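Asker: got a sequence here, can you build the structure:
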Amino acid sequence: MNTTPSPLAQDGAAHTVAEITQQPRLWREVGRNIEEGREALDAFLRPLLARPDLRIVLTGAGTSAFAGRIARAALAGATGRRVDAVATTDIVADPDGSLDADVPTLLVSFARSGDSPESVAATEFAEARLTDVSHLVITCNAAGRLAREHGGRDTSHVLLMPDGSNDQGFAMTSSFTCMVLAALLAFRAADAPAALPALAAAADHLTSGGADARVDALLDGRPERLVYLGSGALKGLAEESALKLLELTGGAVLAMAETALGFRHGPKAVLDDRTAVVVYISNDPYTRAYDLDILAELRAALPAGTVVAIAGRQDGLPDSDDTWLLPGLADAPDAALALPAVVCAQLIALRSSLARGLRPDNPFPSGEVNRVVQGVTVHELPERGDRA
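Answerer: The predicted structure is shown next:
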């Protein structure tokens, strides 16, 4: 792992740079912590997962919501249970449309700070609306309200991420990847326990300069729009990638996310000579075919160097500077592949921010957007049936 201070640590980027580069170390620590606490974790999960009618709801706001979208299918496959990714913002705004009152539910809450109004309210609304609910809280802040309120409850289990994962920079980076990894490990999903060494090694490569030249080449034309495409679990990755770019550039670069097939149905209108595209290539053979189709179509239509593929293996991809291979991940399930892949997106966002003279640690110095969301009024939950 690279321990030399990066020149990027200047210009108001010290927190963000440190938090991106610390991810391989923190992932290994997450793995050790999960295994050390495995007995208590399994004692909590085992009776819940034994229930065939259990619904698992993965929830969070913003980046934390995308954690659930990445992990959803992998957790469903590992548990054989119904798993839905529902943002806390949806639960709070439409609790009766998001929660099934008579279905036993495990609410898995992802939260960096655990103090966002919707994060707390979603668990309270679940308690009010559901007849049978348990909570798995995955958070980076032991002092946050979620961790404090659910610690010690018989119907709750709190998974604390390692010290340092509670990112102090504006955007969630290591907090996001640690929480996704923790969920995969907790449910033994996406082959995460076995894949962890390769995931951390790939991230070591990226954060030690392995992606720098390619990121710089992609950004050389100073694109004003950047599209991220991903299918299946990688749709959540594309969404997080686009949000990271919007956040760290203070909205100066328009970013959007779609699936390989969905992009043709209207969103393709965003393409022009100011646009670059990143296509995340699935390791699933069937899904991969659609990713390769859109990649070929876009590369035929757009200038060389503006359409990048990020993949775990070479099959079907040209050997070129526009193909970014993540080493050692040819067989990784997509939910696991997303972890080092998002490091590429974090580096793109960081360098885009610095290229515009911004301060990534605080791209909104006037406070119009905040690290922990502000300005939310959580309205009193009406009695069931009282909504007009």
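Asker: pull the contacting residues for the residue nearest to residue 119 when sequence neighbours are not counted.
Answerer: Of all residues not flanking residue 119 in the chain, residue 111 sits nearest, at 4.6 Å (CB to CB, 6 or more residues apart in numbering). Bear in mind the C-beta positions are built from the backbone N, C-alpha and C, glycine included. Residue 111 makes contact with 60, 64, 119, 137, 138, 139, 140, 141, 144, 146 under the criterion CB atoms under 8 Å, 6 or more residues apart in numbering.
Asker: what's the local residue count around the fifth one?
Answerer: Residue 138 is flanked by 28 other residues according to other CB atoms under 10 Å.
Asker: which SSE is it in?
Answerer: Assigned by DSSP states H and E, residue 138 belongs to strand 133-139.
Asker: I'd like the next helix or strand past that strand.
Answerer: With DSSP H and E, the next secondary element past strand 133-139 is helix 145-150.
Asker: which strands and helices sit next to that following helix?
Answerer: helix 117-129, strand 133-139, strand 156-160 (3 or more CB pairs under 8 Å, 6 or more residues apart in numbering; DSSP states H and E).
Asker: and the longest helix seen in the chain, how far from the chain's centre?
Answerer: Longest helix in the chain by number of residues (criterion: DSSP state H): helix 334-355. Helix 334-355 has its C-alpha centroid displaced from the chain centroid by 10 Å (CA atoms, centre = their mean, to the nearest Å).
Asker: tell me which other helices or strands that helix touches.
Answerer: Counting contacts by 3+ CB pairs under 8 Å, 6+ apart, helix 334-355 is packed against helix 14-21, helix 63-79, helix 174-186, helix 192-205, helix 212-219, strand 225-229, helix 233-248, strand 275-280.
Asker: buried sites along that helix?
Answerer: Using 16 or more other CB atoms under 10 Å as the test for burial, helix 334-355 gives 334-354.
Asker: what's the average pLDDT for that helix?
Answerer: Helix 334-355 comes out with an average pLDDT of 97.
Asker: from the contact counts, what lies against the strand holding residue 138?
Answerer: helix 38-49, strand 105-111, helix 117-129, helix 145-150, strand 156-160, helix 174-186.
Asker: just to revisit the earlier point, quickly list what the residue nearest to residue 119 is bridged to.
Answerer: residue 139 (DSSP bridges).
Asker: any idea of the pLDDT on it?
Answerer: Residue-level pLDDT assigned to residue 111 equals 97.
Asker: how much space separates it from residue 346?
Answerer: 19 Å (CB to CB, to the nearest Å).
Asker: what's near enough to touch residue 102?
Answerer: So residue 102 contacts residue 131 (CB under 8 Å, 6+ apart).
Asker: wait, a helix at it?
Answerer: No. Counting by DSSP: H, G, I helix; E, B strand; the rest coil, residue 102 is not found in a helix; it is coil.
Asker: next, it: phi, psi?
Answerer: phi -100, psi 10 (degrees, to the nearest 10).
Asker: for it, report the pLDDT, please.
Answerer: 95.
Asker: picking up where we left off before, can you say which of the helices and strands packed on helix 145-150 is packed in most?
Answerer: strand 133-139 (a mean of 24; mean count of other CB atoms under 10 Å).
Asker: for that strand, list the C-alpha coordinates in CSV.
Answerer: Output of strand 133-139 as CSV, limited to C-alpha atoms (Å, rounded to 0.1, in the frame of the first residue of the first chain):
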residue,chain,number,x,y,z
VAL,A,133,-39.6,-5.7,13.0
SER,A,134,-35.9,-6.2,13.8
HIS,A,135,-33.0,-3.9,13.0
LEU,A,136,-29.5,-4.4,11.7
VAL,A,137,-27.8,-1.0,11.9
ILE,A,138,-24.6,-0.7,9.9
THR,A,139,-23.0,2.6,10.8
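Asker: what mean pLDDT does it get?
Answerer: Here the average pLDDT along strand 133-139 is 98.
Asker: off-centre distance for that strand?
Answerer: Distance, centroid of strand 133-139 to centroid of chain: 18 Å (CA atoms, centre = their mean).
Asker: contacts only, for residue 114.
Answerer: 120, 137, 139, 140, 141, 144, 145, 146, 147, 148 are the contacts of residue 114 under CB under 8 Å, 6+ apart.
Asker: related to what we said a few turns ago, any chance of the helices and strands packed on strand 133-139 in JSON lines, plus distance to residue 322?
Answerer: As requested, those are exported to JSON lines (distance: least, CB to CB, whole Å):
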{"stretch": "helix 38-49", "distance to residue 322": "42"}
{"stretch": "strand 105-111", "distance to residue 322": "33"}
{"stretch": "helix 117-129", "distance to residue 322": "39"}
{"stretch": "helix 145-150", "distance to residue 322": "42"}
{"stretch": "strand 156-160", "distance to residue 322": "38"}
{"stretch": "helix 174-186", "distance to residue 322": "25"}
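Asker: out of these, which is closest to residue 83?
Answerer: strand 105-111 (8.9 Å; CB to CB).
Asker: that closest one vs helix 38-49, what angle?
Answerer: 140 degrees (axes from the mean of the first three to the mean of the last three CA atoms, to 10 degrees).
Asker: per-domain residue ranges of this structure.
Answerer: According to automatic domain parsing, the chain comprises the domains 37-189, 196-355.
Asker: which of the helices and strands packed on strand 133-139 sits closest to residue 362?
Answerer: helix 174-186 (16.6 Å).
Asker: I'd like to know which elements that closest one is packed against.
Answerer: So helix 174-186, by 3+ CB pairs under 8 Å, 6+ apart, packs with helix 14-21, helix 23-36, helix 63-79, strand 105-111, strand 133-139, helix 192-205, helix 334-355.
Asker: and the nearest residue to residue 82 once chain neighbours are set aside, what pLDDT?
Answerer: Leaving aside its sequence neighbours, residue 82 sits nearest to residue 55 (CB to CB, 6+ apart; 4.8 Å). With respect to pLDDT, residue 55 scores 98.
Asker: gap between residue 265 and residue 284?
Answerer: For residue 265, the distance to residue 284 - CB to CB - is 21 Å.
Asker: many thanks, we can stop here.
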